[in-house]
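1. Pasting a predicted model and its sequence here:
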Amino acid sequence: MVCEDAETMQWLTAAGYYQLSGYWYPFREANPSDRQRPLDTFSTGTSFAEVARLYEFDRHLKSKVHSGVERIEVAMRSQLGHLLGEIDPMAHENPANFRPGFDIPDGSKPLVVESPGVEGATHSSIITSPNTVDTYPSGY
């Protein structure tokens, strides 16, 4: 592999050897005696710039995928909130609205989270306001 010394050192310092090693793997020469284990030499003409381009492509692809998944998650949470809000503004606290064991997948005890606030009030009732879910017809 052709290495442009200063640039290669900068990449190795910033990303790390082991992080980058997966990206130069496809450029390693095939081992004629063992197809599962390529040789430690690189195909003729391979440059470190190609490895860096592959790394950057993967980084940008991961970013786009993460952005798309995040949009789906937000849309689903929003829709769920509106659907539950149409039933009751506190529907998320009523176990009857969920299948048995919904919040306890492995049969262990549920996680209880306590938050400081008005004595005797739950966190969700503290943050509930007329603007929380505008689709609930009777208001709060």
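-> Yep, that arrived. Residues are numbered from 1 along each chain as shown.
2. what number of residues lie near Val51?
-> 23 (other Cβ atoms under 10 Å). Backbone N, C-alpha and C define where each C-beta goes, glycine included.
3. element containing it, please.
-> Element membership for Val51, per DSSP states H and E: helix 48-87.
4. other SSEs contacting that helix?
-> Under the contact definition 3 or more Cβ pairs under 8 Å, 6 or more residues apart in numbering; DSSP states H and E, helix 48-87 sits against helix 5-15, helix 17-24.
5. And that helix, what's buried?
-> For helix 48-87, the buried set under the neighbour-count rule, 16 or more other Cβ atoms under 10 Å, comprises Phe48, Glu50, Val51, Ala52, Leu54, Tyr55, Leu84, Gly85.
6. And stretch 86-98, by the same measure?
-> Neighbour-count burial for stretch 86-98 flags Pro89, Ala91 (criterion: 16+ other Cβ under 10 Å).
7. now for that stretch, what's the gap between its first and last residues?
-> End-to-end distance for stretch 86-98: 15 Å, by Cα to Cα, to the nearest Å.
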